[in-house]
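[1] following is a predicted model, sequence given first.
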Amino acid sequence: MSTAQVSPEPPAPAKSPRSGSPFARDEMIRVGAIALGLLVIVILVPAIFSLYYVDALTQVVVYAIVALGLGVLVGRVGLVSLGQAAVLAIGAWVAARLLFGSGLPFELVLLISGLITMVIGTCVGLPALRLRGLYLALITLMLAGAITVALATLNFPNGGHGFSGYNGAFVHIPAIRRPGIATSDRAYFRYSIIVAALMFLVVLGHLRSKPGRAWAAIRQSESAALAAGINTTLYKLWAFALASFVTGVAGGVLAGAQQYLYSINFQTQDSITLLAVVLMGGAYSMWGAIVAGLLLELLPAILNNIGVSPDWLTILFGIGVLQVLTTAPRGIVEQFPRDMARLYRAITGAARRSSGRSATS
Amino acid sequence: MPIHLTVPRMRAGLAVLAALTLLVLAGCGSSKSSGGGASTSASTGASTGATTSASGSTGNTGSSSSTSLSSCGSKPGVKATGSPIKIGTIDTHQPGTDFTDGPNMINAYFACVNANGGVNGHPLKLYVELDQTQPSQIEGDAKQLIQSDHVVAIDGVFDLLECTLDAKYWAQLGIYEMDAGIAPGCWAGPNSAAVNMGPRYSSDGAVQYAIAKEHPNKIVFDQSNVPGTGYIAGGPTALANASHIPIKTETDNVPINNANSVALRLVQDAGPDGSVVLNFTPPEALVILQAAQKLGLEDRVKSWGCSTPCDTDFLAKALGPKWNNKFFVNAEAANPDDQSSPDMTEYKAILAKYGHNVAGGIGSFSEFGYVLAKFLVQALDKVKGPYTLKSVNQAIVGIKNYKTGLLCNPWTYGKAPLHIPNHTDYTVTPDNGKMKTVEGCTDISTSDPQIAQYLKAAKAAGINTGH
Amino acid sequence: MNGMLGLLHLATFFPPWVDEEPFLVTGLALGGVYALSGVGLIVLFRTTGVLNLSFGAVGAFGALIAWQLINHSGLNQWLAYLVCILFAGVVTLVYGMVFGRALADRDPLVKATASLGVTLILLGIMDLLWTSSGGASRAITLPTDNHGFMVGQVTVSTTDVIALAVGVVITVTTTIFLRVSRLGTAMRAMASDREITATLGVPVARVEACAWFGCGVLAGIAGILLADLVALDATTLTFLVISSIAATLIARLSSIAVTFLAAIVIGVVESMVVPIESLTNYADATPFVLAVIALLVLSRTRALSGERQGF
């Protein structure tokens, strides 16, 4: 009784998809504005910020793509995966292996690692056909655990020979190569922004067309979706495939950004933090993915630079998860403007009151 | 409004949580102040023994400690007020792996120097960049130090990866870094020289002691599965091969949560006449050894060995008497428990007076921090003219035969394709809750091809290696 | 069929039985470790419907406080362990009263995720208070470590026996308690439907408080035992829960007895894999692999789900 007040309904999907063309005209204007903003970021950020922050922002871009994929699963379809960090690790592993072992162009390597990760990630999603809710989250966590142990044993490629591409005896480890047009850190940041923009477009295209509508229906009620003739099996796997693809591409971008990969940087529990920031950022909006990326990578860089222990960040993420789950299920993306609006109203209200008072006195 | 109703409740919850946290903090705080006069943080295991001995040494030496402390600067008692000389360092700091005791000790030494005239009137300022073993972050840190902080030297790097990642950048800039690292690159390039021996040569030391003193018929070498395992295992393998003793190298993923089985496997693989040598961080080594102890496996092999990380009094205390003269640990720096050179006294005095942030207290991390800071200051004293990146690094690479009681041999940088300036070790064993030296300075065998290569290169470069 | 072939294939990798035998013993001990947290998790899940993933973090925090009190305040170790257990009980109780209640009507997944929030908070605080700088490491050694008996070639310490016994006792008593006692019946009813239970006149708040506090106490006891048996390390103990979840999943989050047995099986299999040279580094993956296999087999006969999906 006492707790029935907590909003029981999950918020509805951000926008009801329109029929016909995936992008309506006013949408096109918005997309144009965003594209312009991107252009400004691409030109200005590398020019203004120090290399330290350019590197950090490249990481933000990588994790924004990962959060985008997880956001599709959690926010759009209602499938919670606790294994996305392991999927990212697979993408990075495959990309590193290909970059060391072949002379393929970087773009092609990104595409292939996205596709291979998609196949593996879809397998991770197979249990989703029968399991839901808590069970699905836990089994993806189990799969992430198994993948993490396997990758830790196998190690990440460092230019060695054989299947694993790892040679533990190397003293001078070669760097993972970057695309010829983006070898410097600043150029690579620009490159990763473009890749990320493409990934966001791919996801947006899905959300604004048939799969998006099917996901929204499944999210509301799976049995109703089934009754409406939606192939729920297909679309659930499709969601996993899409999320794994973009995460795999993000893994490739990560490989190029880090240039050296170590299995100590990929832990089972990373998926937990990832889910935490995605929920904090807002799983129901694509902007939430960007907020999640900033929280996960830029905030630590800033804190580190001013000498604050990363432990405070862990604590902050913990509080964030509790806050989001209890009071603001739509995350910072929705919460922040609302709080700002409230603050603005409070300030203007106070100003009006005080001016009113001064007028009467 | 459903949302608003839950807010006060959540606030109440957070308030209670915060109150509980404060309670715990208060508890720790009070125990800290009761921990000892030296007021180094009492929140870690190693510091209990350490604080008492540190405060003991200041108490005993009394007036002499003030004389030994003034030796860290040129003008005793005069505060340095000139423009600061900026030094940079990059250190690993992440949950579970925290090397900040290194830079904290350097800061303690710098504080002592700055309080006693500084370097030619210039105070020293340390810029510390901490990383969470992310390669891009470490590379970013290096650029931050040079381009934004304008440091003139890189000294005191305690890091899992740094040496390997930044080597090229330092070479481009003509920087000669001084470190106490883990990454293979610390001992394999022209622009890095370490005061410690690192995992490979320290494991060499432990294996070579076992072979020479225990005469096992087999060696089992086990290490944590971290970057560069093959490189690390290369040394012990070469040493065992040279003595015609079979060796089995193994790795274990960390953290270990099945230590019993790991200990059992090691003992079975080694057999009753074999020796087991470990290369793990202190917590991981401890869980394996404790598991062996619980299972009653101490005597099932001829001897146990471990690389430097096991050289802490904490381990000696936790393990108990059964391991005395059964477990031999390679020590890269002199044992603070049974050595009393002037440098050791000064190190303990500076730690007691300025090292409030050195959480682990006396131990190899702060010992190396002391040596790295001392050598740097000695090098800076030799710089004539302004302290530029060029002049300071020329002085650093010019370090020749600097002596300290904390290391076996004089330490030389010099221009060579690789540097292993510390290649002479001690061996210690647990003894009533402390570590006792059982073997003094012993050279690491040239059967390790890397050591042989270094000695050859050093000879060509005219570096005194003590051979 | 394929499984049989796989096993036959594996058989060639197996070391002789003499070498495997002691691993059976260490496997039982490891199974005891998993059982402790697995059973603790499932008890609260049965009584409140919350999978409390902060179980490990709470226990670790308690154990670290006990370590602090013993080593730096000179407190009697048994008193320190009592403080640890009380701390764990109170923290869990407070969490349950505040967030457990606020989230009572939400999906089990939301409740589990919220407990991950607490886990992160506790983990951050632990790492701030008990740093690992200077290679510092800690340990809790129970007096029972030094007593034991030989089984084959290895010593089994009394602590191992206690851990297993605690697992058995908790399993048996909670199973009986939930079936027989009035409070237990109330808890079971509440876990399945809170509203109806309340209308039937059960003091929901008090029953819930008992369940949360009881689970916290279990977390505290497990924390001390695991600190001794595994390692007194915040990260290790906090995320040991992930391996223990495997056992609860095999028991479909319902049976306490099956959870216990599954934990023992996982422990034994994991240990027996260690001496197999080509698989030794993959031994850590045992709980995950077994859980995945079990869940896939189980879900073939019955779809497993929470009532509603997502957040």
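    Looks like it arrived, so ask away.

[2] show me what the longest helix anywhere in chain C is packed against.
    For chain C, the longest helix by residue count, based on DSSP state H, is helix C:17-48. Judged by 3 or more CB pairs under 8 Å, 6 or more residues apart in numbering or on different chains; DSSP states H and E, helix C:17-48 is in contact with helix B:259-270, helix C:55-72, strand C:154-157, helix C:158-180, helix C:182-192, helix C:204-229, helix C:234-250, helix C:256-273. For every residue, glycine as well, the C-beta is placed using N, CA and C.

[3] average model confidence for it?
    What helix C:17-48 shows for mean pLDDT is 86.

[4] now stretch A:120-130
    Computed over stretch A:120-130, the mean pLDDT rounds to 83.

[5] ok so, going back, buried set for the longest helix of chain C?
    C:20, C:22-23, C:25-48 (16 or more other CB atoms under 10 Å in any protein chain shown).

[6] least confident of the helices and strands packed on helix C:17-48, on average?
    Looking at these, the bottom one is helix C:182-192 with a mean of 78.

[7] for it, packing partners?
    Packing partners of helix C:182-192 (3+ CB pairs under 8 Å, 6+ apart): helix C:17-48, helix C:158-180, helix C:194-199, helix C:204-229.

[8] just how off-centre is it within its chain?
    Remark: helix C:182-192 is offset 22 Å from the chain centroid, using CA atoms, centre = their mean, to the nearest Å.

[9] tell me which residues in that helix are buried?
    Using 16+ other CB under 10 Å as the burial criterion, the residues of helix C:182-192 that qualify are C:L183, C:G184, C:T185, C:A186, C:M187, C:A189, C:M190, C:A191.

[10] make TSV out of the helices and strands packed on helix C:17-48 and add distance to A:Q258.
    Conversion of these to TSV gives the following (distance: least, CB to CB, whole Å):
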stretch	distance to A:Q258
helix B:259-270	30
helix C:55-72	29
strand C:154-157	44
helix C:158-180	41
helix C:182-192	46
helix C:204-229	34
helix C:234-250	22
helix C:256-273	32
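
[11] number of residues surrounding residue 101?
    Because you didn't say which chain, this covers chain A. Residue neighbour count, defined by other CB atoms under 10 Å in any protein chain shown, stands at 15 for A:G101.

[12] hmm, I had chain C in mind actually
    Other residues close to C:R101 by other CB under 10 Å number 20.

[13] then B:K456?
    B:K456: 12 neighbours (other CB under 10 Å).

[14] how much space between it and B:P449?
    The gap separating B:K456 from B:P449 is 10 Å, by CB to CB, to the nearest Å.

[15] near chain A, which residues of the stretch 1-150 of chain C show up?
    Residues of the stretch 1-150 of chain C lying near chain A by CB under 8 Å from any CB of the partner chain: C:51, C:99, C:101-110, C:112-114, C:116-125, C:127-128.

[16] returning to that earlier point: from the chain's centre, how far out does the longest helix of chain C sit?
    On CA atoms, centre = their mean, the centre of helix C:17-48 falls 9 Å from the chain's centre.

[17] and if you look at stretch A:55-66?
    For stretch A:55-66, the distance from its own C-alpha centre to the chain's C-alpha centre is 9 Å (CA atoms, centre = their mean).

[18] put the alpha carbons of it into PDB.
    Coordinates of each C-alpha in stretch A:55-66 appear next as PDB, following Å, rounded to 0.1, in the frame of the first residue of the first chain:
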ATOM      1  CA  ASP A  55      42.600  11.700 -25.600                       C
ATOM      2  CA  ALA A  56      39.900  11.700 -22.900                       C
ATOM      3  CA  LEU A  57      37.300  12.900 -25.300                       C
ATOM      4  CA  THR A  58      38.200  10.200 -27.800                       C
ATOM      5  CA  GLN A  59      37.400   7.800 -25.000                       C
ATOM      6  CA  VAL A  60      34.100   9.600 -24.500                       C
ATOM      7  CA  VAL A  61      33.200   9.000 -28.100                       C
ATOM      8  CA  VAL A  62      34.000   5.300 -27.800                       C
ATOM      9  CA  TYR A  63      31.900   4.800 -24.800                       C
ATOM     10  CA  ALA A  64      29.100   7.000 -26.200                       C
ATOM     11  CA  ILE A  65      28.800   4.400 -29.000                       C
ATOM     12  CA  VAL A  66      28.800   1.600 -26.400                       C
END
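
[19] okay, now the unreliable bits of the stretch 51-200 of chain B?
    For the stretch 51-200 of chain B, the stretches flagged by pLDDT under 70 are B:51-70, B:95-96.
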